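[1] Give me the fold of what follows.
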Amino acid sequence: MSPTNRVKLSLMMFMEFFIWGAWFVTLGTFLGKELSATGSQTAAVFSTQSFGAIIAPFIIGLIADRYFNAEKILGILHLIGAVLMFQMYNSTDFAGFYPYVFAYMIMFMPTLALVNSVSFNQMKDPEKEFSSIRIWGTIGWIVAGLCISFVFHWDSAEGVSEGLLRNTFMMAAIVSAVLGLFSFTLPKTPPAVEKGEKVTISDIIGLDALKLLGNKNFLIFFVSSILICIPLAFYYQNANLFLSELGVANPTGKMTIGQISEVLFLLLLPVFFSKYGFKKTILVGMLAWAARYALFAYGNPSDLSFMLIIGIALHGICYDFFFVSGQIYTDSKAGKKYKSSAQGLIALATYGIGMLIGFWVAGLVSDAYKISDTQHDWQGIWLVAAGIAAAVAVLFAVTFNQKKEDDLRLKTGS
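    Okay, here's the model as predicted:
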């Protein structure tokens, strides 16, 4: 890869995830504090991510893979996204805000696959080259959070009371417009499907990979992936609002500790995975979700503030040890023919179905434990989430047979 293309792809990844981190982390606080949204209304907004994830394969499979260069579609989607984000900035109530955030997520979620496509198209060995490009996305997310907390102070108690969190949408809109224009300068990435080649709906959404569910272990993993996304949704939907209500200073900036942790544990994952195997690795990820929510339940911003920080820092284990190890396991089980279909199916199950259910459950629980318009019984909310995560871990531990995986690996020599 040429140095120029490496810089371009790194900037693309930086802006892609800067945009997401610029508004999504503080969304729950914005909805609760500025739009007076209920738990169910907040869940409806966060669920737009799931709808976007469900619709994204059709946009990629029916349009990007067949008719237009990926970098051009990426640019168009981000330019439209900038307009929608500006409308979200201008919205003053939930009814006016929701249609724009729904439309925005339909535009944004496909871009997550498009930036990968543009990157992979320039690489001779993606397994070695991609991580050095993708890490700039995590850095972009971290920088967005640091800007909100330590540069602009929009998430401070004074900033929230003055309605400054609204500015996160303007910041995201500006960067989205910049990335939209910048995308047209990216390396050309022509359609993946040649003219005349047929692409079925089954190909697009990964239905061919359903054959893998005939394997009992993979079926258990598939169901567990959906279920573990229920407690995961609690974190995305409630964590920033939780820290804000507790009076934690610079909550968005502190939450970037989770992304820093994600980078560190990503480096440790191959060692842990090869030494302890898939079952123990994924169990550690599941139990980390239960542990972090228990820490949130009993921590406080004064003498037990370290519990909150540890809970945030566990994000690296929670995400990497479950989701990344799950992607590796899926790749190993799929075989060459179904690799892409299987990954698409797991993405649909987690970010689509699992998170959709999770946001709905989190909204119901948040409403059930609401004390007043400005306060929640957070201990009760986090203990519910911890209980769900622990139950999924027990289910997986009891039903998944690691010995069968080890025996198969010995037979095949893999």
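[2] What about Lys72, how many residues nearby?
    The burial metric for Lys72, expressed as a neighbour count using other C-beta atoms under 10 Å, is 16. For every residue, glycine as well, the C-beta is placed using N, CA and C.
[3] Please apply the same query to Glu162.
    11.
[4] Could you list the residues in contact with stretch 148-155?
    With contacts defined as C-beta atoms under 8 Å, 6 or more residues apart in numbering, stretch 148-155 is touched by 22, 25-26, 29, 156, 159-160, 164-165, 167-168, 240, 244, 250-254.
[5] Inside helices: which ones of those residues?
    Counting by DSSP state H, the contacts of stretch 148-155 place Ala22, Thr29, Gly159, Val160, Asn167, Thr168, Asn240, Ser244, Pro251, Thr252, Gly253, Lys254 in helices.
[6] Nearest to Leu314 among those residues?
    Proximity to Leu314 was ranked across the ones in helices among the contacts of stretch 148-155 by C-beta to C-beta; first place goes to Lys254, at 13.4 Å.
[7] Do I have it right that Val45 meets Phe97?
    Yes. Assessed by C-beta atoms under 8 Å, Val45 is found in contact with Phe97 at 7.5 Å.
[8] so what sits against both of those two?
    With C-beta under 8 Å, 6+ apart applied, the overlap between the contact sets of Val45 and Phe97 consists of Leu31.
[9] tell me the secondary structure for the residue nearest to Asp373 when sequence neighbours are not counted?
    Nearest non-adjacent residue to Asp373, counting by C-beta to C-beta, 6 or more residues apart in numbering: Ser36, 7.0 Å away. Taken by DSSP: H, G, I helix; E, B strand; the rest coil, the conformation at Ser36 corresponds to coil.
[10] what's the burial count for Glu262?
    The criterion is other C-beta under 10 Å. On that basis, Glu262 has 21 neighbouring residues.
[11] need the contact list for it.
    For Glu262, the contacting residues are Thr138, His315, Gly316, Tyr319, Asp320, taking C-beta under 8 Å, 6+ apart as the criterion.
[12] element containing the first one?
    Translated: Thr138. Using DSSP states H and E, the secondary-structure element containing Thr138 is helix 126-146.
[13] quick one on the thing from earlier: turn the ones in helices among the contacts of stretch 148-155 into TSV, including neighbour count and pLDDT.
    Conversion of the ones in helices among the contacts of stretch 148-155 to TSV gives the following (neighbours: other C-beta atoms under 10 Å; pLDDT from 0 to 100):
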residue	neighbour count	pLDDT
Ala22	29	97
Thr29	25	95
Gly159	16	93
Val160	20	92
Asn167	16	97
Thr168	28	98
Asn240	27	95
Ser244	21	93
Pro251	28	95
Thr252	26	95
Gly253	19	95
Lys254	21	94
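[14] want to try TSV for the residues you listed, with distance to Asn69 as columns?
    Supplementary listing: the ones in helices among the contacts of stretch 148-155 in TSV, determined by distance: C-beta to C-beta, whole Å:
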residue	distance to Asn69
Ala22	26
Thr29	38
Gly159	41
Val160	42
Asn167	34
Thr168	31
Asn240	37
Ser244	42
Pro251	40
Thr252	35
Gly253	37
Lys254	40
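[15] with those residues in mind, which one is nearest to Val118?
    For Val118, the closest of those turns out to be Ala22, at 21.0 Å, with distances computed as C-beta to C-beta.
[16] which parts of the helix or strand where Val223 lies are buried?
    For Val223, the host element (DSSP H and E) is helix 216-246. The neighbour-count criterion (16 or more other C-beta atoms under 10 Å) identifies 217-218, 220-246 as the buried residues of helix 216-246.
[17] Check which helices and strands that helix sits against.
    With contacts defined as 3 or more C-beta pairs under 8 Å, 6 or more residues apart in numbering; DSSP states H and E, the secondary structure elements packing on helix 216-246 are helix 27-34, helix 39-59, helix 251-298, helix 305-313, helix 325-347, helix 355-368, helix 378-399.
[18] hmm, try it at 7 Å
    With contacts defined as 3 or more C-beta pairs under 7 Å, 6 or more residues apart in numbering; DSSP states H and E, the secondary structure elements packing on helix 216-246 are helix 27-34, helix 39-59, helix 251-298, helix 325-347, helix 355-368, helix 378-399.
[19] just checking, Ile381 touches Val365?
    Yes. Counting by C-beta atoms under 7 Å, a contact exists between Ile381 and Val365, whose distance comes to 5.7 Å.
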